[in-house]
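**Q** with the sequence up front, the predicted model follows.
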Amino acid sequence: MEALLGERELSKLRWRCRRGLLENDLFIERFFSRHQETITTRQAQGLEALMDLADNDLLDLLLRRKEAQDIPDLSDSPEVRDVLALLRQPPN
């Protein structure tokens, strides 16, 4: 079983995920509201990689206008793909 993030690490990750575009923030807040209790260290690594992107590149990924392999500055790793799939889940 993968290690879950502790409370302190989760708090730091949430702070790191604050974005300049409201649209990105909405996707990220929905992700945290659904998954904050079960985020693993591996998923945190994928999310960190996505947060290194420019806001417009991140939004293109979230809206499925691009895929991870289309973004030159992004490692198309399993962690990134897994977190991207969770971020893209439609609202309930």
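**A** Right, received. Where do you want to start? Numbers count the residues shown, from 1 in each chain.

**Q** and the helices in this structure?
**A** Residue ranges of the helices in the chain, as given by DSSP state H, are 7-16, 22-35, 41-51, 55-62, 78-87.

**Q** among those helices, which comes closest to residue 72?
**A** Comparison of the helices of the chain against residue 72 by C-beta to C-beta identifies helix 55-62 as nearest, at 9.4 Å. In this view, the C-beta of every residue, glycine as well, is placed from N, C-alpha and C.

**Q** and for residue 78, the neighbour number?
**A** For residue 78, the number of neighbouring residues by other C-beta atoms under 10 Å comes to 9.

**Q** for it, what are its contacts?
**A** Residues in contact with residue 78 (C-beta atoms under 8 Å, 6 or more residues apart in numbering) are residue 46.

**Q** per-residue pLDDT, residue 58?
**A** At residue 58 the predicted local distance difference test score is 96.

**Q** spatially nearest residue to it (excluding sequence neighbours)?
**A** Computed as C-beta to C-beta, 6 or more residues apart in numbering, the closest residue to residue 58 that is not its neighbour in sequence is residue 24, at 5.4 Å.

**Q** distance check, the one you found against residue 37.
**A** Taken as C-beta to C-beta, to the nearest Å, the spacing of residue 24 relative to residue 37 amounts to 22 Å.

**Q** who's more crowded, those two?
**A** With other C-beta under 10 Å as the criterion, residue 24 and residue 37 differ in neighbour count, and residue 24 comes out ahead with 22 against 9.

**Q** distance check, that one against residue 69.
**A** Taken as C-beta to C-beta, the span from residue 24 to residue 69 is 20 Å.
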